[in-house]
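Student: Okay, predicted coordinates and the sequence, questions at the end:
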Amino acid sequence: MASAQAELSAIMAQLEKAYPKTNTHSGVVLQSLKDAIGQEAGNQPVLILFWIVGFVLLIACANVANLMLSRATGRAKELAIRSALGAGRYRLIRQLLTETVIVFITGGVVGVFFGYWWLGWIEAAIPARIKGYLLNYGQVSLDLSTLAYTFCVALLAGIIFGLAPALSSSKLDVNSMLKDATGRATGNRSGSRLRSAFVIAEVALAVVIVVCSALMIRSFVGITRTYPGFKQENVLVANLALPEAKYKSPAEIRGFYDQVLERVRALPQVESAGADQQVPYANCCTTLEVTVVGRPAPDPGQVPGARYSIVTPEYFNAMQISLTKGRNFSTADGPSSMPVVIINQELARQFWPHQDPMGQKLHLHAAQDVDATIVGIVADVKMQSVMNYHHDREIYVPFAQDPSRATGIVVRSTADHATLADAIRNVIWSVDSEQPVSAIQPLESIIAEEYFGYGIISQLMGYFSVLGLFLGAIGIYGVMAFMVAQRTSEIGIRIALGAQPIQIMRLVVGRGLWLAGIGIVIGIAGALAMSRLLVFMLAGISPHDPLTFTEVALLIAAVSLAACYIPARRAMRIDPIAAVRYE
C-alpha cells in the first residue's frame, strides 16, 4: 500500500506540472476495498454502538458485583465458620468466584434468547431494496462464533467482577465473627468503599450512555423534521437509462422523454410530471466547475464547483420547489436558443452576496464550454445526505439544451402508488417496448432508506440508554437498601433520641445523592470525551450541546433521588424499640 501510494502520488505530481489548469491541488488517496466497503457501510456508528453496549454490560456487572458483596457480608459468619474448620482464603475465594461465574453464565444464556428475538426485529427493519446489497441478503443469524463470543464475555465478566467481591469478603476476623451472637455483620470499610465505587461507576457510565444517545436522537429528530426544500409526499420516481446504441443523438433522447412525459401527464389523477438527471437522494451526483463571466479567472485548482442538474420545465412544479425570483424554463429554451440556467439561493449568496444575479452569466466548464444566462433562482434543496445541514451550490440546465440518457422521471399524483407504477411502466413501453425500467418507487421510500441506518443506530442507542439508566437506578437502590439494613440499630437509636423523619430521610437520601453527584461529574467528563466520536454523526447539534448535558444531569439526579426514596421511607418507619431489642 505504501509503495503504491507513493507511485500514484508521483504520477499526480507529474500530471499537475503537465496540466496545471485542471490538475492543480489534485491528489489520489489509495484505499483497500475492505476499508472502502466498511466506511460506506458505517463502521464507525457500529463501533460507537459497540462501546455503548459495553458500557451497559459494565453497569450490569457492577450491579452483580454489588449484589455479591452484600450477599457475602450477610454470610460473614458462615464464611468465618468455614475458615475455622480449615478452609483457606484461596478456597473461600474460589467458592465465591464460582457462585458469581454461575450467575454470569446463566445471564449469558438468558441473554442469548433475548438476542435471538432482537435479531428478528433488526432483520425485519431492513428495507427489502437494501437487503440485496448486504451480506447474506440481510439475513442476521446466531452462529457458533457468536455463541462462543457471548460465552467468553460472560465467563470473563464473571471472573473479573466476581474477583473483587471475593477478595474483599475473604478478609475475615474469625474470632470477632464467631463471638458475634447475632450472626450478623456490619461489613468492613473496604467493602463499603467498593460498593460506593461501583455505584459511582454505574452512574458515570449511565451519564455517558444517556448523553450520547440523547445527542444522536436529537440529531436524528432534527434531520427528519428539516424541510428538504421540496414536498416528498405523493411523488413516484422512475429511473431510466437509454441505451447509447439505440438513442445516439440528442434529438432522439429529447423525443423519447417528451413522449413519455406527455403521456404520463395524461394519466388519471396525475397532477404534474417532470424529469431530472439527479433526483434527490438518488445517490448520484454530477459536479461542474463554474466561473462568473467578466470576473478575473481563479487560480488553477481553485475554480469553484456546483452540482449540475438537467431538468425539464415541469420538474420544479412536480417537486414543488419554489421559484424565488425570475422565471422557470419553458419550451422556448430549446437547443438553438440562448443557453440559460437557474441557480439555487446558496450559489446566489456565495457568488453575488450583495448583488442581483438575474441576467448575469456563468461560464460552465463542461465538455463544450458554455456561457449561460441566469433566468431564475429557486429555493435550496437537500439533495443527498441526511447529515448535510448546509446546502450545496446548484445549477439547473434545461433538458432540451443538454439532454441526458440517464434520467429520473418524477410524477406527482393522488393515485395509488402500485397502480400508478404499473401505468407508468405501460406508458414507457408504449413509447419503446424494449426499454428497461428500474424500480419505480415513492420518493418517501427512497428518503426513508437513506435514514434507515441512522435511525436503527439511534433507536438501539435509545433502548440501551433506558436500560443503562434502569440498571444504574437499581444499583443505587440496592446500595441504599443495604445501608439501611446494616444500620437499622443505629437509625433506631437516632429515632429514639429524637431524630425527626425528615432527618432520617436526609441521612439516607443525602448519602445516595452524594454518590450519584460524584458519578454525574465523572460521567459528564467522560461524555465530553466520548461525544467527540459522534461529531461526524451529528447534524444541527453540537457534540458538547450544553442543553443536552444539563438535561441528562438533571434526569440522572431525579432517577437517583427516586432510587433513594424507597430505602429512605423504609428507614423512616423503623421502630426504635424493635430495632434495639433485636440488636
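Tutor: Received, thanks. Residues are numbered from 1 along each chain as shown.
Student: how many neighbours does A400 have?
Tutor: 22 (other CB atoms under 10 Å). For glycine as for every other residue, the C-beta is placed from the backbone atoms N, C-alpha and C.
Student: Next, it: secondary structure please.
Tutor: The local conformation at A400, judged by DSSP: H, G, I helix; E, B strand; the rest coil, is coil.
Student: For Q232, which non-adjacent residue is spatially closest?
Tutor: L443 (4.7 Å; CB to CB, 6 or more residues apart in numbering).
Student: Please report phi then psi for P442.
Tutor: Dihedral pair for P442: phi -60, psi 140, per degrees, to the nearest 10.
Student: right, and it touches V235 too?
Tutor: Yes: if you go by CB atoms under 8 Å, P442 and V235 touch, sitting 6.7 Å apart.
Student: neighbour count winner among these two?
Tutor: Taking other CB under 10 Å, P442 and V235 do not tie; V235 has more neighbours (24 against 17).
Student: Show me what that one bridges to in the sheet.
Tutor: R412 (DSSP bridges).
Student: separation between it and S336?
Tutor: Per CB to CB, to the nearest Å, V235 is found 32 Å from S336.
Student: Over to L147?
Tutor: Taking CB to CB, one finds L147 at 70 Å from S336.
Student: Then W121?
Tutor: W121 sits 59 Å away from S336, going by CB to CB.
Student: does S309 sit in a helix, a strand or a coil?
Tutor: Under three-state DSSP, S309 comes out as strand.
Student: ok, the nearest residue to L460 once chain neighbours are set aside - contacts?
Tutor: Setting aside the residues directly before and after it, L460 is nearest to L49 in space (CB to CB, 6+ apart), at 6.0 Å. Each residue near L49 by CB atoms under 8 Å, 6 or more residues apart in numbering is listed here: I457, L460, M461.
Student: what's near enough to touch the last one?
Tutor: Spelled out, it's M461. M461 touches L49, I52, I209, C212, S213, M216, I217, counting by CB under 8 Å, 6+ apart.
Student: can you give me the strands in the chain?
Tutor: Per DSSP state E, the chain carries strands over the ranges 235-241, 270-276, 287-292, 305-311, 323-326, 340-344, 361-365, 370-378, 394-398, 406-413, 440-442.
Student: can you redo those strands as TSV with distance to A568?
Tutor: Listed next are the strands of the chain as TSV, based on distance: least, CB to CB, whole Å:
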stretch	distance to A568
strand 235-241	58
strand 270-276	65
strand 287-292	64
strand 305-311	62
strand 323-326	62
strand 340-344	61
strand 361-365	72
strand 370-378	63
strand 394-398	62
strand 406-413	62
strand 440-442	56
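Student: now those in CSV, with mean pLDDT and distance to M12?
Tutor: What follows is the strands of the chain, written out as CSV (pLDDT from 0 to 100; distance: least, CB to CB, whole Å):
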stretch, mean pLDDT, distance to M12
strand 235-241, 91, 32
strand 270-276, 93, 34
strand 287-292, 85, 18
strand 305-311, 88, 19
strand 323-326, 92, 41
strand 340-344, 93, 32
strand 361-365, 88, 20
strand 370-378, 92, 29
strand 394-398, 92, 28
strand 406-413, 92, 29
strand 440-442, 89, 40
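Student: longest helix anywhere in this structure?
Tutor: helix 443-486 (DSSP state H).
Student: Next, the angle strand 235-241 makes with that one.
Tutor: Helix 443-486 and strand 235-241 are oriented at 120 degrees to each other (axes from the mean of the first three to the mean of the last three CA atoms, to 10 degrees).
Student: got the buried residues for stretch 319-337?
Tutor: In terms of neighbour count (16 or more other CB atoms under 10 Å), stretch 319-337 has its buried residues at M319, Q320, I321, K325, G326, N328, F329, D333.
Student: brain fart, stretch 95-106
Tutor: For stretch 95-106, by 16+ other CB under 10 Å, it's L96, L97, E99, T100, V101, V103, F104.
Student: ok, the closest residue to G115 other than its chain neighbours - contacts?
Tutor: Sequence neighbours aside, L142 is the residue nearest to G115 in space, at 7.1 Å (criterion: CB to CB, 6+ apart). Neighbour list for L142: V112, G115, Y116, L119 [criterion: CB under 8 Å, 6+ apart].
Student: Now with 10 Å, please.
Tutor: With contact taken as CB atoms under 10 Å, 6 or more residues apart in numbering, L142 is in contact with V112, G115, Y116, L119, T150.
Student: now swap in Q259 and tell me
Tutor: Applying CB under 10 Å, 6+ apart, we find Q259 in contact with V427, I428, S430, V431, D432.
Student: separation between it and T312?
Tutor: Relative to T312, Q259 is positioned 13 Å away (CB to CB).
Student: same question for stretch 215-230, mean pLDDT?
Tutor: Throughout stretch 215-230, pLDDT has a mean value of 82.
Student: do the same with stretch 557-570
Tutor: For stretch 557-570, mean pLDDT rounds to 89.
Student: thinking in terms of the whole chain, how far from its middle is that stretch?
Tutor: 32 Å (CA atoms, centre = their mean, to the nearest Å).
Student: Ok, stretch 290-304 next?
Tutor: Centroid displacement of stretch 290-304 relative to its chain, using CA atoms, centre = their mean, is 39 Å.
Student: Using CSV, please lay out the buried residues of stretch 319-337 together with distance to K361.
Tutor: Shown next, in CSV, are those (distance: CB to CB, whole Å):
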residue, distance to K361
M319, 26
Q320, 29
I321, 23
K325, 16
G326, 14
N328, 19
F329, 17
D333, 15
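Student: hmm, which two among these are most spread apart?
Tutor: Pairwise distances across those peak at 20.8 Å for Q320 and D333 (criterion: CB to CB).
Student: Show the pLDDT at A421.
Tutor: At A421, pLDDT is 91.
Student: Return the residues in contact with it.
Tutor: Counting by CB under 10 Å, 6+ apart, A421 makes contact with L236, A238, V411, A415, V437, A439, I440, Q441, P442.
Student: With adjacent residues omitted, what lies nearest to the first one?
Tutor: By that I understand L236. V411 (4.7 Å).
Student: thinking A568 is in contact with S560, fair?
Tutor: No: with contacts counted by CB atoms under 10 Å, A568 stays clear of S560, the gap being 12.0 Å.
Student: Comparing the two, which residue is more hemmed in?
Tutor: Set side by side, A568 and S560 show more neighbours around S560, with 28 against 24, by other CB under 10 Å.
Student: Now do the contacts for the more buried one.
Tutor: Going by CB under 10 Å, 6+ apart, S560 touches 199, 203, 206, 472-473, 475-477, 480, 509, 512-517, 519-520.
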